[in-house]
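>>> when you get a sec, could you give me coordinates for this:
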Amino acid sequence: MTLVTLLATYTLFLVLLVAAVVWLTLDRPRKVELVVAGVVALAVVGVLIVVTGDLWTDPRPFVVDGVAPAIAHAADNGFPSDHTAAAAAVAGLVLAYRRRIGILLVLLAVVVGMSRVAAHVHHVPDIIGGLGIGLIAASAGVTLARVAMRAWAARQSESRVS
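Here you go, the predicted model:
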């Protein structure tokens, strides 16, 4: 197995593992907030992948160029890169709670994307789209989770006063 194959296949799992470790280090309210943010981000990233994939079709490099991919893949639409979008969403979520680790994970999301370009399963615009979708989804998730947690805290404090 080549380095490109390893990176293209397993770097996303490393991003998820690091995010899980970060989650374990948070206090309880921030753990809950991060879970809510993650659920929202997952929904947003899923919707954005489907919508943008319907709006822009990009045949995969191995289909267009006839070069065999380094990893087995269906000959479907390459835009956006699902793996890169997922890695970027997780990285964006962590970035909101642990800046340095989040920056490292954003860089790993770029590695996910570029390794998938090197493996001939995506073009660069697929990766850029995936990065944007993932970071937008993370931003939406964190924003909505923080609003929801503030509303919940306010409601809890009101019920204690009454």
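>>> contacts and neighbour counts: CA atoms only from here.
OK.
>>> what is the burial count for residue 79?
Neighbours of residue 79 under the rule other CA atoms under 10 Å: 26.
>>> next, it: secondary structure please.
Under DSSP: H, G, I helix; E, B strand; the rest coil, the three-state class of residue 79 is coil.
>>> how about the helices in this structure?
3-25, 28-55, 61-65, 82-95, 99-118, 124-161 (DSSP state H).
>>> so which residues make contact with the shortest one?
Read that as helix 61-65. Outside helix 61-65, the residues within contact range by CA atoms under 8 Å, 6 or more residues apart in numbering are 67-69, 75, 120-123.
>>> quick one: buried residues of that helix?
Judged by neighbour count using 16 or more other CA atoms under 10 Å, the buried positions of helix 61-65 are 61-62.
>>> what's the answer for stretch 67-79, then?
Across stretch 67-79, burial judged by 16+ other CA under 10 Å covers 69-71, 77-79.
>>> can you name the two of these that are farthest apart?
70 and 79 (18.2 Å; CA to CA).
>>> now the contacts of helix 61-65 in TSV, with pLDDT and distance to residue 144?
Output for the contacts of helix 61-65, formatted as TSV (pLDDT from 0 to 100; distance: CA to CA, whole Å):
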residue	pLDDT	distance to residue 144
67	88	43
68	90	42
69	93	39
75	91	36
120	96	36
121	97	34
122	97	31
123	97	32
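>>> with those in mind, which one is nearest to residue 160?
Residue 160 lies nearest to residue 122 out of the contacts of helix 61-65, by CA to CA, at 54.3 Å.
>>> that closest one reaches residue 70, doesn't it?
No: contact between residue 122 and residue 70 fails when scored by CA atoms under 8 Å: they sit 11.3 Å apart.
>>> re the thing from before, determine which two of the contacts of helix 61-65 are furthest apart.
68 and 123 (14.2 Å).
>>> can you tell me which of the contacts of helix 61-65 are in strands?
Counted as lying in strands by DSSP state E, out of the contacts of helix 61-65, is not a single one.
>>> okay if I get those as JSON lines plus distance to residue 100?
Conversion of those to JSON lines gives the following (distance: CA to CA, whole Å):
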{"residue": "67", "distance to residue 100": "38"}
{"residue": "68", "distance to residue 100": "37"}
{"residue": "69", "distance to residue 100": "34"}
{"residue": "75", "distance to residue 100": "37"}
{"residue": "120", "distance to residue 100": "31"}
{"residue": "121", "distance to residue 100": "30"}
{"residue": "122", "distance to residue 100": "28"}
{"residue": "123", "distance to residue 100": "28"}
